[in-house]
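Enquirer: Here is a sequence with its predicted model. Questions after.
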Amino acid sequence: MAEVTGARAGAATHKALGVGRAARAIAAAWPWVAAILLWSGADTAMAAGGASDPVDAAIARYHEMLDEGNPAELDEMRGEQLWKTAAGPAHASLEGCDLGRGPGVVKGAYAELPRLFADTGRVQDLESRLITCMTGLQGIPESEIVAKPFSTDSARSDIEALVAYVAGQSRGVTMRVPVHDAKEKGAYALGERLFFYRAGPYDFSCASCHSSNGSRIRLQELPNLSTTAGAQRAYTSWPAYRVSQGLFRSFQWRLYDCFRQQRFPEPVYASDATIALTMFIAANANGAVYNGPGIKR
Amino acid sequence: MRRGRCTAARTRALAVALVVLGGGALAPVALQAADPAPDARFKQLLQQDFRPRGGAGMDRLEQDPVQKICTETHDRPPAGPREALQKEQLEAIRWPADGHFLGDWRAGEKVAQDGRGMTWSDLPGAVSGGGCYGCHQISPQEIAFGTIGPSLLQLGRKRGASPQMQRYVYGHIYDAKAYNLCSTMPRFGFSGALTEQQIKDLVALLLDPDSPVNRP
């Protein structure tokens, strides 16, 4: 909720995109959106009670401005380099990695994940599958990969850059996440159950914030992930460059930070629980055209 | 605050609709109606795939009877258990010993603004806020408010500030589930997130005639 932490000086590489820098500055001043609201005369509309169209319109204008330049492109480029460069004890690249469409096929792979992989016998999302390839092909110990899977100001995560590259290779591809095999159906069912599971000191489930239309936390709109339209709109715009943090964020990060705000204990990175929840949301987004990586406040 | 009644009315309407439709597909889930995952597998998943961090221990994944029935019924519990559990929650409210409910609305505004508390990144034992603006419109000058809960603007002007109303608002913040079992709102007193004084300050923010919430 209180994630407006200011523009990051550490995002030096992103200075190549002037728009990204401007967008970051805008997000640093999230109350700036509030300023638009005032210019729109929304204050009078709201005084009349409740959410109003001028609020939504101002937020939509903010998103339009963000869309003009997405620094995630730089993460995609870094991820492509990482994908193609020999690394790890085995001095291998990831070009032999099978993301579900055969070894080395990246195009369209993200739009069909999570899915069951025969070689591991597991339903895997992109990030758990990247771990499989980095350990199997490159010989990098799993403990090393999962120690710090999310970028910070001082250290960029390689796996998040790889996510940016792979996801970008599904841009324009229709989402077709398979829910055919018993294990895929099982993952979907577990994810659905987790989505509606209320617990913790605040009694929150995912559904507490993500099962009604048009709701907001503060000025942040909340997608209704229990509907096809809501899941489609949200899922096809993740992973994403997070302007307020000046960092690219993977879908695993998205779930991780939701669970934090849900006041739950920490979900284990790329665990079956997080994959099941991803399966539930991704499969609900089937039929939509994937349009990520996105850009978010 | 009026949400409880609205929800109850909607629940009844849905129940009627269900009968009419012969129990047609109400589940909001878009895809196939997958069987709910078996209990044992689900519990195992929670145990193996979460870990304690900061103040957020594994005990948080265990449901109390309220969380359990609300999860199992998608927040539409049958009347019998609903009323029994609401009664239990109401009886568990610790009312102020001095019998006063109105604190300082200025302090209440700060509590309403502060969304920190109870996450694994908050210091265990640190003072929590209510995060009220996350979900509610409250003071008119704060336009960055959420809409998950109803607008509370002018609450005191509309509903008065009688002792009964003060007690109701105090109780609602302390334990919203005592009034509407599957309310989305956290039980701020019951969970220990807010102190008695913080809740009194919020009651003042909402009901005190001098609070910006109630200025004409």
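Expert: Structure received. Numbers count the residues shown, from 1 in each chain, chains lettered A, B, ... in the order given.
Enquirer: give me every residue that touches residue 197.
Expert: Since you didn't name a chain, this refers to chain A. A:Ser205, A:Cys206, B:Gln63, B:Thr71 (C-beta atoms under 8 Å, 6 or more residues apart in numbering or on different chains). Backbone N, C-alpha and C define where each C-beta goes, glycine included.
Enquirer: um, chain B though
Expert: So B:Gln197 contacts B:Gly103, B:Ala107 (C-beta under 8 Å, 6+ apart).
Enquirer: and it, which of the three is it?
Expert: The three-state label given to B:Gln197 by DSSP: H, G, I helix; E, B strand; the rest coil is helix.
Enquirer: I'd like to know how far it sits from chain A.
Expert: To chain A, B:Gln197 is 19 Å away according to C-beta to the nearest C-beta, to the nearest Å.
Enquirer: any idea of the pLDDT on that residue?
Expert: pLDDT for B:Gln197: 98.
Enquirer: Show me the two of the contacts of A:Tyr197 that sit farthest apart.
Expert: Spanning the widest gap among those are A:Cys206 and B:Gln63, at 14.8 Å by C-beta to C-beta.
Enquirer: Looking at those two, which is more packed in?
Expert: A:Cys206 (22 against 17; other C-beta atoms under 10 Å in any protein chain shown).
Enquirer: can you give me the helices in chain B?
Expert: Along chain B, counting by DSSP state H, helices occupy B:3-20, B:39-49, B:65-72, B:79-91, B:105-113, B:155-159, B:163-174, B:196-207.
Enquirer: deepest of these, which one?
Expert: helix B:196-207 (a mean of 25; mean count of other C-beta atoms under 10 Å in any protein chain shown).
Enquirer: between that one and helix B:163-174, what angle do the directions make?
Expert: 120 degrees (axes from the mean of the first three to the mean of the last three C-alpha atoms, to 10 degrees).
Enquirer: the inter-axis angle of helix B:196-207 versus helix B:105-113?
Expert: 100 degrees.
Enquirer: Run the chain-centre distance for helix B:196-207.
Expert: Offset of helix B:196-207 from its chain centre (C-alpha atoms, centre = their mean, to the nearest Å): 16 Å.
Enquirer: if I look at B:Lys43, how far off is B:Leu123?
Expert: With the distance defined as C-beta to C-beta, to the nearest Å, B:Lys43 ends up 30 Å from B:Leu123.
Enquirer: quick one: contacts for the closest residue in space to A:Ser170 that isn't next to it in sequence?
Expert: Leaving aside its sequence neighbours, A:Ser170 sits nearest to A:Tyr110 (C-beta to C-beta, 6 or more residues apart in numbering or on different chains; 3.9 Å). Listed by C-beta under 8 Å, 6+ apart, the contact set of A:Tyr110 reads A:Leu99, A:Leu126, A:Val166, A:Ala167, A:Gln169, A:Ser170, A:Val173, A:Tyr290.
Enquirer: List the contacts of the last one.
Expert: When the contact criterion is C-beta under 8 Å, 6+ apart, the partners of A:Tyr290 are A:Tyr110, A:Ala111, A:Ala167, A:Ser170, A:Arg171, A:Gly172, A:Val173, A:Thr174, A:Met175, A:Thr236.
Enquirer: before we move on, the earlier item: would you report the backbone torsion angles of the residue nearest to A:Ser170?
Expert: phi -60, psi -30 (degrees, to the nearest 10).
Enquirer: Centre-most residue in chain B?
Expert: For chain B, the residue lying nearest the average C-alpha position, counting by C-alpha atoms, centre = their mean, turns out to be B:Met185 (1.6 Å).
Enquirer: shouldn't that residue be in contact with B:Ala176?
Expert: Yes: when contacts are counted by C-beta atoms under 8 Å, B:Met185 is listed as touching B:Ala176 (3.9 Å).
Enquirer: got any residues that touch both of the two?
Expert: Counting by C-beta under 8 Å, 6+ apart, nothing touches both B:Met185 and B:Ala176.
Enquirer: How about the residues of the stretch 101-250 of chain A by chain B?
Expert: Counting by C-beta under 8 Å from any C-beta of the partner chain, the stretch 101-250 of chain A comes close to chain B at A:179, A:185-186, A:188-190, A:192-194, A:196-205, A:208-209, A:211-212, A:214-220, A:222, A:226-228, A:231.
Enquirer: Assess the claim that B:Pro209 and B:Gly156 are in contact.
Expert: Yes: contact criterion C-beta under 8 Å: B:Pro209 and B:Gly156 qualify, at 6.4 Å.
Enquirer: With distance to A:Gly121 added, can I get the helices of chain B in a markdown table?
Expert: Converted to a markdown table, the helices of chain B look like this (distance: least, C-beta to C-beta, whole Å):
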| stretch | distance to A:Gly121 |
| --- | --- |
| helix B:3-20 | 40 |
| helix B:39-49 | 16 |
| helix B:65-72 | 30 |
| helix B:79-91 | 41 |
| helix B:105-113 | 50 |
| helix B:155-159 | 56 |
| helix B:163-174 | 49 |
| helix B:196-207 | 51 |
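Enquirer: So which of these is nearest A:Ala283?
Expert: Proximity to A:Ala283 (C-beta to C-beta) singles out helix B:39-49 among the helices of chain B, at 17.6 Å.
Enquirer: and the closest one, is it in reach of chain A?
Expert: Yes: for helix B:39-49 and chain A, the contact criterion (C-beta under 8 Å from any C-beta) is met by B:Arg41, B:Phe42, B:Leu45, B:Leu46, B:Gln48, B:Asp49.
Enquirer: what stretches of chain A score poorly on pLDDT?
Expert: Low-confidence segments of chain A (pLDDT under 70): A:1-52.
Enquirer: As a check, name the ranges of all helices in it.
Expert: Remark: helices assigned in chain A by DSSP H are A:18-28, A:31-39, A:42-47, A:53-67, A:72-84, A:126-136, A:142-147, A:158-168, A:182-195, A:206-210, A:228-235, A:251-261, A:272-284.
Enquirer: how about the fifth one: buried residues?
Expert: Just to be clear, that refers to helix A:72-84. Residues of helix A:72-84 classed as buried under the neighbour-count rule (16 or more other C-beta atoms under 10 Å in any protein chain shown) are A:Ala72, A:Glu73, A:Leu74, A:Asp75, A:Glu76, A:Arg78, A:Gly79, A:Glu80, A:Leu82, A:Trp83.
Enquirer: Packing partners of that helix?
Expert: If you count contacts as 3 or more C-beta pairs under 8 Å, 6 or more residues apart in numbering or on different chains; DSSP states H and E, helix A:72-84 packs onto helix A:158-168, strand A:240-242.
Enquirer: Just put the ones you listed in JSON lines and tack on mean neighbour count.
Expert: Listed next are those as JSON lines, based on neighbours: other C-beta atoms under 10 Å in any protein chain shown:
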{"stretch": "helix A:158-168", "mean neighbour count": "25"}
{"stretch": "strand A:240-242", "mean neighbour count": "25"}
